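Trainee: no letters, just coordinates:
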């Protein structure tokens with residue numbers, strides 16, 4: 001294990017021609033609402049929902065391609081939008097409710113434009129009606145790719161529909177292969193509203209060069225800021241190999257079969273701006289190892305079962321929301337949540353290894369997140385995570401990660417982006433940890449997995465340039481974007 005310190009700088013170009021119209025925002029940033037601001041309240045009256053296809057009617061009538069796109073697209077069903085509305089007639093509402101509803105609808109990834117307005121009711125004085133208007137994104141995506149990265153040629157294709165028949169469900173298929181005989185094919189399906197409820201179900205099956213895999217997840221997430229309960233159950237099975245590398249070449253392969261399952265329940269209390277969470281967690285894994293191939297890397301574990309049971313707690317303070325374009329997205333509005341959060345988990349892991357005495361190990365993790373607007377057009381995001389298992393007062397395994405991301409939109413159309421990450425990991429009982437760094441993980445100019453160790457420090461500096469060139473063949477408000485990032489990695 002060693003500290004990795006290598007550097008490279010490069011200039012790359014990327015040209016994309018989106019089929020979607022750019023979302024309209026007045027300026028690059030809009031301050032939406034701030035926590036603690038007084039808000040007027042009214043009883044909610046009627047709820048109207050108006051959904052529209054990908055291209056506005058005028059553009060669809062005047063040009064051939066928009067007409068074809070709209071004709072082959074299933075417009076989002078009205079009930080999909082209504083399922084995201086947690087208020088009903090008679091409930092008190094504020095403008096903050098309308099803004100949060102807009103954010104939630106944008107977060108689904110189904111819509112290019114969303115507006116939610118509270119207007120005076122024509123039926124009753126002092127009542128506000130809710131009018132929601134949406135315009136869809138292009139939901140069918142497919143493509144083929146080829147690359148030569150880190151001295152390895154690879155290719156693949158994918159096809160997905162993220163709004164199947166206008167229901168919000170997603171169906172996806174993909175296949176990838178390289179000249180080192182590595183491949184991965186998968187088929188997945190997600191039901192956004194299982195049986196018409198707020199529960200989401202997802203399933204994925206596939207095969208790699210190392211074996212088959214499958215997984216399923218059923219979750220009822222928090223749907224709005226004052227939602228008070230969420231839960232999840234999941235299960236998976238995988239046939240795989242842990243590969244160990246030296247200078248990009250595989251030197252050891254450890255095959256294993258693993259099955260696992262997990263469950264969680266989380267309760268939330270407080271206000272929309274400041275709330276506490278508390279919950280229960282349980283996880284189980286059963287791992288069977290095959291015969292190791294290649295160089296000796298030391299003592300390896302026997303077949304192992306591990307069961308974790310614990311509790312979780314957290315606190316979130318939201319100071320406001322900003323609506324931004326040109327940060328991590330060019331075309332659409334990005335909602336930036338300002339403030340900080342802290343989440344912790346503590347419990348015990350019962351570890352049973354073949355030929356060894358079962359052990360109960362104290363286990364814990366911590367996650368810290370914060371995002372700030374430093375000026376009119378500058379953002380800073382900080383993150384710190386860590387987890388550890390203890391055995392007889394000593395560390396059986398641990399990992400940590402520190403992240404910093406900064407953005408400056410002052411020099412529009414440039415977006416300056418900087419990120420730094422420090423990753424550490426150590427494992428003394430299960431398979432040894434190996435972190436790799438190369439062209440496939442952000443270090444341009446080096447082969448894949450050129451460096452390996454248990455600690456990585458990486459810095460990136462990027463200049464994103466939006467040229468805003470109109471493409472009149474599609475739509476008057478569509479754009480061609482040329483990104484010329486200059487990136488340095490350490």
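Mentor: Received, thanks. The shown structure was predicted, so the numbers you read here are calculated from the model rather than taken from an experiment.
Trainee: contacts only, for residue 259.
Mentor: The contact partners of residue 259, taken as Cβ atoms under 8 Å, 6 or more residues apart in numbering, are 235, 236, 237, 238, 285, 286. C-beta: built from backbone N, CA, C; applies to glycine.
Trainee: quick check: residue 216 touching residue 201?
Mentor: Yes. With contact defined as Cβ atoms under 8 Å, residue 216 reaches residue 201; the gap is 7.4 Å.
Trainee: pLDDT and distance to residue 355 for the contacts of residue 259 - can I get that in a markdown table?
Mentor: Written out in a markdown table, the entries for these read as follows (pLDDT from 0 to 100; distance: Cβ to Cβ, whole Å):
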| residue | pLDDT | distance to residue 355 |
| --- | --- | --- |
| 235 | 98 | 27 |
| 236 | 97 | 26 |
| 237 | 97 | 24 |
| 238 | 96 | 24 |
| 285 | 97 | 18 |
| 286 | 97 | 16 |
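Trainee: just those residues: which are in strands?
Mentor: Under the assignment DSSP state E, the contacts of residue 259 contribute 235, 236, 237, 238, 285, 286 to strands.
Trainee: list the contacts of the second one.
Mentor: Applying Cβ under 8 Å, 6+ apart, one finds that residue 236 lies in contact with 213, 214, 215, 216, 258, 259, 260, 261.
Trainee: try it again at 6 Å.
Mentor: When contacts are counted by Cβ atoms under 6 Å, 6 or more residues apart in numbering, residue 236 touches 215, 260.
Trainee: which among the contacts of residue 259 gets closest to residue 67?
Mentor: Nearest to residue 67 out of those is residue 236 (Cβ to Cβ; 43.7 Å).
Trainee: would you check how far apart that closest one and residue 258 are?
Mentor: For residue 236, the distance to residue 258 equals 8 Å [Cβ to Cβ, to the nearest Å].
Trainee: if we can go back for a sec, which among the ones in strands among the contacts of residue 259 count as buried?
Mentor: Burial by neighbour count, judged by 16 or more other Cβ atoms under 10 Å, picks out 236, 237, 238, 285, 286 from these.
Trainee: export those residues as a markdown table, with columns for distance to residue 63.
Mentor: Converted to a markdown table, those look like this (distance: Cβ to Cβ, whole Å):
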| residue | distance to residue 63 |
| --- | --- |
| 236 | 46 |
| 237 | 49 |
| 238 | 47 |
| 285 | 54 |
| 286 | 57 |
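Trainee: ok, which stretches of the stretch 1-150 of the chain are strands?
Mentor: Residue ranges of the strands in the stretch 1-150 of the chain, as given by DSSP state E, counting those that start in this stretch, are 3-4, 8-11, 14-16, 29-34, 42-52, 92-93, 111-120, 128-136, 140-149.
Trainee: of these, which stretch is the most buried?
Mentor: For the strands of the stretch 1-150 of the chain, ranked by mean neighbour count under the definition mean count of other Cβ atoms under 10 Å, the leader is strand 128-136 at a mean of 21.
Trainee: check the average confidence over that strand, would you?
Mentor: The average pLDDT for strand 128-136 rounds to 95.
Trainee: partners of that strand, with directions?
Mentor: Partner strands for strand 128-136, per DSSP bridges, with pairing direction: strand 42-52 (parallel), strand 111-120 (antiparallel).
Trainee: show the average pLDDT along the shortest one.
Mentor: What it means is strand 111-120. Computed over strand 111-120, the mean pLDDT rounds to 94.
Trainee: do the same with the first one
Mentor: Averaging pLDDT along strand 42-52 yields 95.
Trainee: and for that strand, what are the contacting residues?
Mentor: So strand 42-52 is in contact with 75-76, 78, 81-82, 87, 89-91, 93, 121, 127-135, going by Cβ under 6 Å, 6+ apart.
Trainee: kindly report the same for stretch 307-327.
Mentor: Stretch 307-327 is contacted by residues 25, 28-32, 34-35, 273-279, 281-284, 333-347, 349-350, 363, 407, 409, 415 when judged by Cβ under 6 Å, 6+ apart.
Trainee: narrow those to those in strands?
Mentor: Taking DSSP E as the definition of strands, the contacts of stretch 307-327 contribute 29-32, 34, 274-279, 281-284, 334-347, 349-350, 363, 407, 415.
Trainee: for residue 269, give its distance to residue 167.
Mentor: Spatial separation of residue 269 from residue 167 under the definition Cβ to Cβ is 33 Å.
Trainee: settle it for me: which of those two has more neighbours?
Mentor: Neighbours per residue (other Cβ atoms under 10 Å) separate residue 269 from residue 167, with residue 167 holding more: 15 against 10.
Trainee: tell me if I am right that that one is in a strand.
Mentor: No. Residue state for residue 167 (DSSP: H, G, I helix; E, B strand; the rest coil) corresponds to coil; a strand is not indicated.
Trainee: pLDDT value on it, please?
Mentor: At residue 167, the predicted lDDT confidence score is 95.
Trainee: same check on residue 2?
Mentor: Predicted confidence (pLDDT) at residue 2: the value is 32.
Trainee: which one is the residue nearest the centre of the chain nearest to, not counting chain neighbours?
Mentor: Compute the mean C-alpha point of the chain, and by Cα atoms, centre = their mean the closest residue is residue 107, 10.8 Å away. In space, and not counting its chain neighbours, residue 107 is closest to residue 335: 7.2 Å by Cβ to Cβ, 6 or more residues apart in numbering.
Trainee: distance check, the one you found against residue 265.
Mentor: Using Cβ to Cβ, which is the criterion applied here, residue 335 is 27 Å from residue 265.
Trainee: output the longest helix belonging to the protein.
Mentor: helix 95-107 (DSSP state H).
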